[in-house]
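In: sequence and computational prediction follow.
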Amino acid sequence: YIVVGRYYEEFIIFIKKIKEVFQLDRDKLIIYVHNLSYDFQFFYQFLHQIDQENFKIFCTASRKILYARIKGFEFRCSFKLTNMSLDRWGKKENGVTYKKLTGTMDYKQIIYPDQQLKRNDFKYFIGDLISLHDCLLHKLENDNRTLVNIPLTSTGYAREYTKEETIHDFRYRYYLSRMTLTEYTYKKCTQVKVGGDTHGNRFYQGEVINIPMISKDIKSSYPASMCLYPVPVSNFIYYGNITSLHELDYVCEDYCCIFYVYFKHIRIKPYDPLSVISISKILSAESIDIVDNGRLIEGKGITLAVTEVRFKHILEHYDYRGIKVWDMYVAEKGLIPYEYRKCVFDLFKQKCELEKYKGTDKVWIYEKFKNLLNSLFGMCLTDICHEEITLKVDDVPEWGSTLTKSIEEQVEKYNKTWNRHLYYPWGIWIVDNARTNLYELISCCNTPIYWDTDSCKGFNWNIKKLDAYNDKRMKLLEKHNMVVELNDNKYYMGLAETD
């Protein structure tokens, strides 16, 4: 049934009636809202009025709602479940008949609750409900799920899969038990954590370029980084201060390192488009003299927290005078345990097998495994300590956050969790190693214009360097037995392809 209302007061009357008819005292009714974070801002005060005692929200950040509860009802976000717009979801989910009526409504018009709706506008609003209902039903069917066991987020699928494939292995669990953090090493990890590098060539800012460009994309960049490159595989222990550059090179070669570095004066190398130091990651500075859209070009007295990989990036692209390194922590360097890398490789293999469905009515199967593969990285970089997001519902609503448990308690709980199958620092090195690959790809282009996490757009590509780039990774994949062979064809992750 479709129930139509124009005022939130009508919605609350409807909610109360449903609760009364179905006697929702112990059970709860699940209500999906596409992009709950947006709609929640308009109706949470009404929900609070219904049930102040049991009003509860769970957020990933301020105003980013995962679910909201009152007695008898749970509002969930279907956007978080799919990480897709309703329009895209309807097109990608297998079996969906009722797609979103995109383009049938003028989005610029202002519509008031007491204003009579035009026929097309009414069809659009009703169409959203029907489309969302159809998408949810088919997702439950396609994933063989129920409302009881369907994850709250798209990452939840990857977490379930990898956990099931790893934690039953005693060796894997023993291996993970050796990888723990302290409050201090956790805080240092959060200081050095970064995301993918997205930027443009400052020498071409504001210019119109009429030259045809070629875009090169690193195939499955993060999965390749997880399978091929070293990460911390032990606790971090205190090393101390560094007394010489020779000592620094020696330690960084053999260990995964986190440390503070101070540059008396630092400036990007001449004609180098890659400004790899983000202003937001500078801990302190005497002066920041030249900036490129949030990136450091030149500065004095710059203090950073870095990994050994990120430090290498800085040395490759900046000249400096005067350096000090201190408070270094080191961990053993090695590959992520085989059981987890096998999960990544198996999903990549399934993705390759399903590429034959691209452009057909079965493309949804390919998209399903592609999304699952891409979710593996986000799961690795998920923070292990969380503040509880609070909402004070008053005349002037106030969002806030509070630590219900100290960082020390949360880290200790993380260390002792018996079914933990990830190590938080892995995600940091996965990003850094993926950045290394991206920067090497950019170096293959004589005129890079724009790059984004795993791709670079530009012209004057050096084909010999590109071939050498791919050959290097093919040999590494073959060394670790991470090559997919299907029907006499070989598939490699981490190679540069034309997008």
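Out: The structure has been received and is ready for your questions.
In: all helices of the stretch 251-400 of the chain, in order?
Out: 308-317, 338-353, 363-380 (DSSP state H, counting those that start in this stretch).
In: show me what the strand ranked longest in the chain is packed up against.
Out: For the chain, the longest strand by residue count, based on DSSP state E, is strand 318-334. Identification of packing neighbours for strand 318-334 by 3 or more CB pairs under 8 Å, 6 or more residues apart in numbering; DSSP states H and E yields strand 231-232, strand 237-240, helix 245-254, strand 255-268. All C-beta atoms are positioned from the backbone trio N, CA, C, and that covers glycine.
In: and the helix or strand containing residue 21, what's buried?
Out: Assessed by DSSP states H and E, residue 21 sits inside helix 8-22. Using 16 or more other CB atoms under 10 Å as the test for burial, helix 8-22 gives 12, 15, 19.
In: which helices and strands does that helix pack with?
Out: Going by 3+ CB pairs under 8 Å, 6+ apart, helix 8-22 lies up against helix 36-50.
In: what comes up buried for the very next helix or strand once past the helix it packs on?
Out: Sequence order places strand 56-61 as the next helix or strand after helix 36-50, per DSSP H and E. Residues of strand 56-61 classed as buried: 57, 59-60 (neighbour count, 16+ other CB under 10 Å).
In: any idea which of those the model trusts least?
Out: Minimum pLDDT for the buried residues of strand 56-61 is recorded at residue 60 (84).
In: for that residue, what are its contacts?
Out: Residues near residue 60 by CB atoms under 8 Å, 6 or more residues apart in numbering: 66, 80.
In: what about the strands in the stretch 1-150 of the chain?
Out: Under the criterion DSSP state E, counting those that start in this stretch, the stretch 1-150 of the chain contains strands at 29-33, 56-61, 64-70, 73-77.
In: okay if I get the ones you listed as CSV plus distance to residue 151?
Out: Formatted as CSV, the strands of the stretch 1-150 of the chain follow (distance: least, CB to CB, whole Å):
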stretch, distance to residue 151
strand 29-33, 13
strand 56-61, 14
strand 64-70, 11
strand 73-77, 10
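In: nearest to residue 339, of the ones you listed?
Out: Among the strands of the stretch 1-150 of the chain, strand 56-61 comes nearest to residue 339, with 28.2 Å by CB to CB.
In: neighbours of the residue nearest to residue 101 when sequence neighbours are not counted, how many?
Out: In space, and not counting its chain neighbours, residue 101 is closest to residue 127: 4.1 Å by CB to CB, 6 or more residues apart in numbering. Residue 127 is flanked by 20 other residues according to other CB atoms under 10 Å.
In: thinking residue 127 is in contact with residue 97, fair?
Out: No - using CB atoms under 8 Å, residue 127 is not in contact with residue 97; the gap is 11.8 Å.
In: stretch 293-300: which residues count as buried?
Out: For stretch 293-300, the buried set under the neighbour-count rule, 16+ other CB under 10 Å, comprises 295-300.
In: cool, stretch 23-39 as well?
Out: 24, 32-34, 36-37.
In: can you check stretch 70-88 too?
Out: Neighbour-count burial for stretch 70-88, counted by 16+ other CB under 10 Å, picks out 70, 72-73, 75-82, 84, 86.
In: once you drop chain neighbours, what's closest to the residue nearest the centre of the chain?
Out: Nearest to the mean C-alpha position of the chain, counting by CA atoms, centre = their mean, stands residue 378 at 3.9 Å. Nearest residue to residue 378, sequence neighbours excluded (CB to CB, 6+ apart): residue 155, at 5.4 Å.
In: enumerate every residue touching that neighbour.
Out: 375, 378-379, 382.
In: how about a cut-off of 7 Å?
Out: Residue 155 sits next to 375, 378-379 when contact means CB atoms under 7 Å, 6 or more residues apart in numbering.
In: cool, residue 377 as well?
Out: 222, 226, 430.
In: between those, which is closest to residue 185?
Out: Distance to residue 185 across those (CB to CB) is lowest for residue 430, with 17.7 Å.
In: can you confirm the closest one is in a helix?
Out: Yes - Residue 430 sits within a helix when classified using DSSP: H, G, I helix; E, B strand; the rest coil.
In: give me the pLDDT for it.
Out: If you check residue 430, the pLDDT there is 97.
In: just the element for the nearest residue to it once chain neighbours are set aside, please.
Out: Excluding the flanking residues, the one nearest residue 430 by CB to CB, 6+ apart is residue 225, at 4.8 Å. Applying DSSP H and E as the criterion places residue 225 in helix 221-228.
In: now residue 459
Out: Going by DSSP H and E, residue 459 is part of strand 455-461.
In: what does that strand contact?
Out: 211, 213-218, 441-442, 444-450, 499.
In: run a quick neighbour tally on the closest residue to residue 192 other than its chain neighbours.
Out: Counting by CB to CB, 6+ apart, residue 192 lies nearest to residue 305, which is 5.0 Å off, once chain neighbours are set aside. For residue 305, the number of neighbouring residues by other CB under 10 Å comes to 20.
In: residue 305 reaches residue 261, doesn't it?
Out: No - in this structure, residue 305 is not within contact of residue 261 by CB atoms under 7 Å, at 8.0 Å.
In: about what we covered before: between the strands of the stretch 1-150 of the chain, which one is nearest to residue 402?
Out: Among the strands of the stretch 1-150 of the chain, strand 56-61 sits nearest to residue 402 (CB to CB), with 12.3 Å.
In: for the closest one, the distance to its chain's centre please.
Out: Strand 56-61 sits 18 Å away from the centroid of its parent chain (CA atoms, centre = their mean, to the nearest Å).
In: alright, I will stop here.
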